[in-house]
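Trainee: output the structure for:
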Amino acid sequence: AYLGDLTVSRGLQSPGAGAQLVLQFDEPGQGQRRLRPQLVAGFGAFQADDLFLPPVNGQQANRFVRTTFWYVNLNVLVRPLPRPVLLGAATLRPHVSIGAGLLNFTPRDAADVPLREQVGTRAQGETYSTGTLSLPLGLGAQLRWGDWGLSLDDLYVVTGSAYLDNIDQLGRSTGSDALHRVSFGVLLALGR
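Mentor: I've put the predicted structure just below:
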């Protein structure tokens, strides 16, 4: 989901779908380590509109956006408990995570035309890059049975751009846009 100029009055809105691949660097026999590096790559999309977005100085920003994006992150997963919680044959490991990465995005209008090329949808002279830094912050847990398991994560992604929706100066909010990701995954041990 996304938080920006087209959702400022409603909060996080416009959920979309996506997928990601996470490589988590665990070492056999080192299950007690509390810090785990992760390499994350993924993609997603969201769609949002605000039919009541008012003009600013007679100029109207886009009132609809469909944005696709991809990202790569290096995360650190921090396990606050010194040991996993035993649940029968399974182990449960809650965690918090923080990362840094790159996010590339392409906002489009309802006709699927890139909004970046439509300079009339922004204030005069307002340009932007479709790449930005991102900072994912999250909470989650991993439930494991031997060499496989399940994971659930809830992440808030701070971005360095106000243009995920193509709107900045003609919008309702100040500051950068953000993303909210909830992910469910299957864990598989590789290289053992």
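
Trainee: what about the chain, any weak spots by pLDDT?
Mentor: 8-14, 27-32, 192 (pLDDT under 70).

Trainee: all helices for this protein, in order.
Mentor: Counting by DSSP state H, no segments of the chain form helices.

Trainee: just the buried residues of stretch 36-46, please?
Mentor: 36, 40, 42, 44-46 (16 or more other C-beta atoms under 10 Å). Placement of C-beta: from N, CA and C, glycine included.

Trainee: distance from that stretch to the middle of the chain?
Mentor: 8 Å (C-alpha atoms, centre = their mean, to the nearest Å).

Trainee: buried ones in stretch 154-171, by neighbour count?
Mentor: Those would be 155, 157, 159, 161-171, for stretch 154-171 by 16+ other C-beta under 10 Å.

Trainee: what do you get for stretch 170-181?
Mentor: So stretch 170-181, judged by 16+ other C-beta under 10 Å, has buried residues 170-173, 176-181.

Trainee: next: stretch 45-63.
Mentor: 45-50, 53, 61-63.

Trainee: just send those residues back as a markdown table, with distance to residue 101 too.
Mentor: Output for those, formatted as a markdown table (distance: C-beta to C-beta, whole Å):
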| residue | distance to residue 101 |
| --- | --- |
| 45 | 18 |
| 46 | 18 |
| 47 | 23 |
| 48 | 22 |
| 49 | 28 |
| 50 | 28 |
| 53 | 30 |
| 61 | 28 |
| 62 | 27 |
| 63 | 30 |
